[in-house]
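Novice: Requesting a structural model of the entry that follows:
(one chain, ligands or ions: 1)
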Amino acid sequence: MQSYNSFEVAQAQVTAAAKLLNLDRATLDLLLWPQREFAFTLPVRMDGGETRVLHAFRVQHNFARGPAKGGIRFHPDETLDTIRALAGWMTWKTAVANLPLGGSKGGVVCDPRKMSERELERTARAYVRALWPHIGADRDVPAPDVYTNPQTMAWMMDEYETITNRHQPGVMSNKPLALGGSEGRRSATARGGVVVVREACRACGIDPRGDYAVQGFGSNGQRAAILHQEILGGGRLVAASDSSGAVYNREGMNPIELRNHKLRTGSVKGFGGSEPIDPAEVLELDLAVLYPAALENAINVGNAERVRARVLCELANGPTTPQADQVLFAKGIHVIPDILANAGGVAASHLEMVQNRNGDYWDEPAVLARLDDTMTRAYHAVHGASEERGIHPRLGAMLVAVARVAQACKLRGWV
Ligand code: NAD
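Specialist: Numbers count the residues shown, from 1 in each chain. Purely as a prediction, here's the structure:
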């Protein structure tokens, strides 16, 4: 399979949207590149007494619409280009959801699976000591990402508050509830995805109670499987896969029981009443809705022709390759692109920031109602733009996002 440099893919998407919008060269150049990049080293004391020097990044892609917002990954394969691409996608994701935020991303090159809890804490604190003048509630707000979690945010927030000598919970999002996190945040990504599926079914006349499947039955996929029935008022979960295998039952599986089975056994395999199938087949079933919720490039030129879902909701980041995208569009599959489909997480992070700023915390129904409203509006903005121009919804989403960010840059007099 062809491999992609994700930063080049991200830049090509911006260029395509800019062309349709007739943006001038300076605006395009501004949007193609991050506004600020930080590459730095972190000397971290290991439990054995030795010091390891870790490489770290923070890329702040765009600030025109508000403080930058984006996760921090701890991953051995992290590169500056991956972080640049992800930072840009955060700009487009916050813009497509019409949040008053920009986009950023960060990373530390390390292998958390081989590090102790204390080593991870020292790494998190070292990251903030190196970067603190450049982050903050009104500047750039990190969140958890691959191999980081609410505990990482708690350490980072504590380090930041210690240095600045102020209570500033809004410096990080997705914190534990006890430290200023928001109700509803944990399931917000999946919930946002299901809300846009609900709107897509309405807009395209698809029966939401049809069959659906989840590729990647992890934390996001499990929540989507459960919320699908709750929010759409039905639907049969006929297949689910994870890295160890896949299960199928044409009569439908109870998503809560399947999640409990996976929590007990570590895998979807062997779930009562189901039959094992090849994980690749999950992507090729005749479905109303397919949720790819695992890794990048799951749908590629090798299998795109065989995808038969009517709606494809990209809960994962980048599950469809650019070539496969064209195939799906030609087949009339309604793709809900990742920057829209999984924007519920950052939409809830924004609500967390608002609550932190006001020192006033809402109950879960209040958060979920706001989230539903944001995602519903975002879906219709993208659907409207794609229908009007007869373009792929991914380009439609980029069109909406790039237009909003370009307008903010122009109003500021930057270009
Ligand atoms: P996770 O690790 O909990 O789940 C991923 C699941 O995918 C695991 O169950 C794993 O076994 C499975 N998987 C891996 N390879 C597979 C394969 N080849 N076939 C089938 N299944 C496979 O991760 P998550 O937090 O649920 O995130 C999933 C995706 O959603 C990622 O792309 C992530 O970037 C994206 N995402 C997550 C959030 C969030 O808030 N959790 C927000 C935005 C985007």
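
Novice: Only C-alpha atoms from now on, for both contacts and neighbour counts.
Specialist: Noted.

Novice: To which secondary structure element type does the closest residue to the ligand within the stretch 301-415 of the chain belong?
Specialist: Distances between the stretch 301-415 of the chain and the ligand by Cα to the nearest ligand atom are smallest at A316, namely 3.3 Å. When classified by DSSP: H, G, I helix; E, B strand; the rest coil, A316 comes out as coil.

Novice: residue boundaries of the strands in the protein?
Specialist: 36-45, 51-62, 68-74, 103-108, 140-144, 211-215, 236-242, 245-253, 275-277, 289-292, 311-313, 334-336 (DSSP state E).

Novice: out of these, which comes closest to D158?
Specialist: With Cα to Cα as the measure, strand 140-144 is the member of those nearest D158 (13.4 Å).

Novice: Now the residue of the stretch 301-415 of the chain closest to the ligand. Nearest residue, chain neighbours left out?
Specialist: A293 (4.4 Å; Cα to Cα, 6 or more residues apart in numbering).

Novice: name the helices or strands packed onto the longest helix along the chain?
Specialist: Ordering each helix of the chain by length in residues (DSSP state H) puts helix 364-389 first. When contacts are defined as 3 or more Cα pairs under 8 Å, 6 or more residues apart in numbering; DSSP states H and E, helix 364-389 packs onto helix 188-204, helix 344-358, helix 393-411.

Novice: which regions of the stretch 301-415 of the chain sit below the pLDDT cut-off?
Specialist: In the prediction, the stretch 301-415 of the chain carries no residues with pLDDT under 70.

Novice: cool, the chain as well?
Specialist: Using pLDDT under 70, the chain drops low at 1-3.

Novice: Residues of it that sit close to the ligand?
Specialist: 189, 215-221, 241-243, 279, 293-295, 315-317, 342, 345 (Cα under 6 Å from any ligand atom).

Novice: Give the burial count for the closest residue to R259 other than its chain neighbours, as a bare number.
Specialist: Leaving out its chain neighbours, the residue that sits closest to R259 by Cα to Cα, 6+ apart is Q222, at 6.3 Å. Number of residues near Q222 (other Cα atoms under 10 Å) recorded here: 24.

Novice: circling back: burial count for the residue nearest to A316?
Specialist: A293 has 28 neighbours, counted by other Cα under 10 Å.

Novice: if I pick it, what's in contact with it?
Specialist: Contacts for A293 (Cα atoms under 8 Å, 6 or more residues apart in numbering) come out as V214, Q215, G216, F217, G218, N220, G221, E314, L315, A316, P319.

Novice: which of the residues you listed tops the neighbour count?
Specialist: L315 (33 neighbours).

Novice: what does stretch 55-62 rub up against?
Specialist: Applying Cα under 8 Å, 6+ apart, the contact partners of stretch 55-62 are 31, 33-42, 68, 80, 83-84, 87-88, 91, 102-109, 127, 140.

Novice: Specify the residue positioned farthest from the middle of this protein.
Specialist: G49 (36.9 Å; Cα atoms, centre = their mean).

Novice: And it, how close does it get to A203?
Specialist: According to Cα to Cα, to the nearest Å, G49 stands 60 Å off from A203.

Novice: and if you look at G180?
Specialist: For G180, the distance to A203 - Cα to Cα - is 37 Å.

Novice: Next, the contact list for the nearest residue to R139 once chain neighbours are set aside, please.
Specialist: Take R139 and drop its neighbours on the chain: the residue closest to it by Cα to Cα, 6+ apart is P67, 4.6 Å away. Neighbouring residues of P67 by Cα under 8 Å, 6+ apart: P100, L101, G102, G103, A137, D138, R139, D140, V141.

Novice: which residues does the closest residue to the fourth one other than its chain neighbours contact?
Specialist: Nearest residue to G103, sequence neighbours excluded (Cα to Cα, 6+ apart): T91, at 3.7 Å. Remark: with contacts taken as Cα under 8 Å, 6+ apart, T91 is in contact with H61, N62, A68, K69, L101, G102, G103, S104.

Novice: Apply 10 Å and report the result again.
Specialist: T91 makes contact with 31, 34, 60-66, 68-70, 99, 101-105, 339, 401-402, 405 under the criterion Cα atoms under 10 Å, 6 or more residues apart in numbering.

Novice: With G210 instead?
Specialist: Contact analysis of G210 by Cα under 10 Å, 6+ apart lists G234, G235, R236, L237, V238, D286, L287, A288, V289.

Novice: Just the CA atoms of stretch 296-309, as CSV, please.
Specialist: The C-alpha coordinates for stretch 296-309 follow below in CSV (Å, rounded to 0.1, in the frame of the first residue of the first chain):
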residue,chain,number,x,y,z
GLU,A,296,-5.4,5.4,9.7
ASN,A,297,-5.7,4.1,6.2
ALA,A,298,-8.2,1.3,7.0
ILE,A,299,-10.1,2.1,3.9
ASN,A,300,-7.8,2.2,0.9
VAL,A,301,-7.7,1.4,-2.8
GLY,A,302,-7.5,-2.3,-1.9
ASN,A,303,-11.0,-2.4,-0.4
ALA,A,304,-12.8,0.8,-1.1
GLU,A,305,-14.7,-0.7,-4.1
ARG,A,306,-16.2,-3.3,-1.7
VAL,A,307,-17.4,-0.9,0.9
ARG,A,308,-21.2,-1.1,1.0
ALA,A,309,-22.3,1.2,3.9
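
Novice: roughly how far out does that stretch sit from the chain middle?
Specialist: Taking Cα atoms, centre = their mean, to the nearest Å, one finds the center of stretch 296-309 at 20 Å from the center of the full chain.

Novice: Any buried residues in that stretch, and which?
Specialist: Residues of stretch 296-309 classed as buried: N297, A298, I299, N300, V301, A304, R306, V307, R308, A309 (neighbour count, 16 or more other Cα atoms under 10 Å).

Novice: coming back round to it: was I right to think the residue nearest to R259 contacts A240?
Specialist: Yes. Judged on Cα atoms under 10 Å, Q222 makes contact with A240 at a distance of 9.2 Å.
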